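Participant: Fold the following.
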Amino acid sequence: MLRGFPTVSLAIIIEKVSGLSYEEYLYKNLWQPANIELTGYSRPKFNNDEIAIGYQGGKLWGKPTEKKWDENAPYWHLKGNGGILSTTEDLFKWSQSQITDDILSKEAKEKYYHPILRDNEDTNAYYAYGWDVHKTSRNTILIQHNGSNGVFYADFANFVDENVVIISLSNQAHRNFGDINYQLAKIVFDPSYNPTIPVADNEANRNFTEKIINIVLDKGAETAKETYNNRAVDINILEFEINNKGYDLLSENKINQAIAIFKMNVYAFPQSANTFDSLAEAYMKKGDKELSTKHYKKSLLLNPENTNAEEMLKKLRK
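Facilitator: Numbering: from 1, shown residues only. This next block holds a predicted model:
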């Protein structure tokens, strides 16, 4: 099935019923009432000099408006499914418009944010109509979602009970960026928190990461740790690359090798909730409930907002 097919179908229905283009319908009924004027495919007549230039893997990708479109909007594989250009200011205006009932009624918002729970969902974490809804460790509600086309990256987090909105936009998607809103939220809500600075994704660190992976697989974890400990002061391994290799091995059912790789990541990044979460998953796949539980608990201790760890611990207890 075409990815995003249900939303594309809804966009087609909107055009047929309203007699307007999908973009014009959104503008008249949602964006204009919210005073949103720099959001859309082409309707705002964007200043081309102000449109972000995308980069992919460090190489120039270009501007979205330079790509081949169906007249004045993307083709139907994307239209209704995404690809709309916007700004941090407009996204913030949309978040604020949801405080009132001027655009969406109270009844509509109740459906929008609180759908009927599906299998494996509860009131602590569920997927609403286009939003991930979570209960934070402070017992407040977080409505969030991120998205990427492999070039641009966007992350939106609305802590509705605490009147805090965090919006991150980037013109080069990168695995390190997925944690930015979490780090910013920790800074906002925890004055004692010291954010972690990611390891630079450069050629030297990539080469060293590959070297460590090969040593773990060929000579064992202890030799890899020794090499890691004796590295130059300006060299380090890339957490996300180690993690990727671990999951590649898991997909090949090479569980013990995956565990060795994940353990190396835990050793190098002992304050990362993600490294412990991945190691716990590998132990879970191996059938070692005790070690899986231990590492999921450690991950949750490092990141109390880790809903995946919470869900996995529930499964392990059952």
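Participant: Show the pLDDT at the closest residue to A273 other than its chain neighbours.
Facilitator: Once flanking residues are discounted, A273 sits nearest to N303: 3.5 Å by CB to CB, 6 or more residues apart in numbering. Placement of C-beta: from N, CA and C, glycine included. Here the pLDDT value assigned to N303 is 87.
Participant: Show me the strands in this protein, by range?
Facilitator: Ranges of strands within the chain are 54-56, 59-62, 125-127, 132-135, 141-148, 153-159, 164-170, based on DSSP state E.
Participant: how close does the residue nearest to A273 get to K263?
Facilitator: Look at N303 and K263: by CB to CB, to the nearest Å, they are 19 Å apart.
Participant: Then F276?
Facilitator: 10 Å.
Participant: And those two? Which one has more around it.
Facilitator: Per other CB atoms under 10 Å, whichever of F276 and K263 has more neighbours is F276, with 27 against 19.
Participant: what's the burial count for Q144?
Facilitator: 17.
Participant: How about it: what's its closest non-neighbour residue?
Facilitator: A157 (4.3 Å).
Participant: Report pLDDT for that neighbour.
Facilitator: 95.
Participant: got a list of what it touches?
Facilitator: L142, I143, Q144, V165, I166, I167, N181, A185 (CB atoms under 8 Å, 6 or more residues apart in numbering).
Participant: Try it again at 7 Å.
Facilitator: L142, Q144, I166, N181, A185 (CB atoms under 7 Å, 6 or more residues apart in numbering).
Participant: Is it bridged to anything, and to what?
Facilitator: Legend: beta-bridge partners of A157 under DSSP bridges are Q144, I166.
Participant: Kindly provide the distance from it to G178.
Facilitator: In terms of CB to CB, A157 sits 12 Å off from G178.
Participant: what's the answer for V164, then?
Facilitator: Taking CB to CB, one finds V164 at 19 Å from G178.
Participant: One more: A268?
Facilitator: A268 is 19 Å from G178, by CB to CB.
Participant: So these two - more neighbours on which side?
Facilitator: A268 (21 against 16).
Participant: quick one on the thing from earlier: kindly provide the distance from the residue nearest to Q144 to A200.
Facilitator: 26 Å.
Participant: now E241
Facilitator: Distance from E241 to A200, by CB to CB: 12 Å.
Participant: okay, the two: which has more neighbours?
Facilitator: Counted by other CB under 10 Å, E241 and A200 do not tie: E241 has more neighbours, with 19 against 14.
Participant: For that one, give me its contacts.
Facilitator: R206, T209.
Participant: ok, which stretches of the stretch 1-150 of the chain are helices?
Facilitator: Assigned by DSSP state H, counting those that start in this stretch, the helices in the stretch 1-150 of the chain fall at 5-18, 22-26, 88-97, 106-113.
Participant: Tabulate these (a markdown table), appending distance to N230.
Facilitator: Below are the helices of the stretch 1-150 of the chain laid out as a markdown table (distance: least, CB to CB, whole Å):
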| stretch | distance to N230 |
| --- | --- |
| helix 5-18 | 52 |
| helix 22-26 | 57 |
| helix 88-97 | 44 |
| helix 106-113 | 52 |
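Participant: if we compare those helices, which one ends up closest to E50?
Facilitator: Relative to E50, the nearest member of the helices of the stretch 1-150 of the chain by CB to CB is helix 88-97, separated by 12.2 Å.
Participant: Please state the offset of the closest one from the chain centre?
Facilitator: Centroid displacement of helix 88-97 relative to its chain, using CA atoms, centre = their mean, to the nearest Å, is 19 Å.
Participant: Next one: the residue lying closest to D161 once chain neighbours are set aside relative to E305, how far apart?
Facilitator: Nearest-residue entry for D161: T140, 3.9 Å, with adjacent residues in sequence omitted and distances by CB to CB, 6+ apart. Distance, T140 to E305, using CB to CB: 11 Å.
Participant: So between those two, which is more surrounded?
Facilitator: Shown here are T140 and E305; by other CB under 10 Å, E305 has more neighbours (17 against 14).
Participant: give me phi/psi at the more buried one?
Facilitator: phi -90, psi 0 (degrees, to the nearest 10).
Participant: I figured it was touching S137, is that so?
Facilitator: Yes. Under the criterion of CB atoms under 7 Å, E305 makes contact with S137 at 6.2 Å.
Participant: residues near the residue nearest to N243 when sequence neighbours are not counted, how many?
Facilitator: Spatial nearest neighbour of N243, excluding adjacent residues (CB to CB, 6+ apart): S278 at 5.6 Å. Around S278 there are 25 other residues, counting by other CB under 10 Å.
Participant: list the contacts for S278?
Facilitator: By CB under 7 Å, 6+ apart, the contact list for S278 reads N243, G246, F262, N265.
Participant: any idea how far K285 is from the closest residue to the third one other than its chain neighbours?
Facilitator: Distances taken as CB to CB, 6+ apart place L279 nearest to F262, at 4.0 Å, with adjacent residues excluded. Using CB to CB, we find L279 at a distance of 11 Å from K285.
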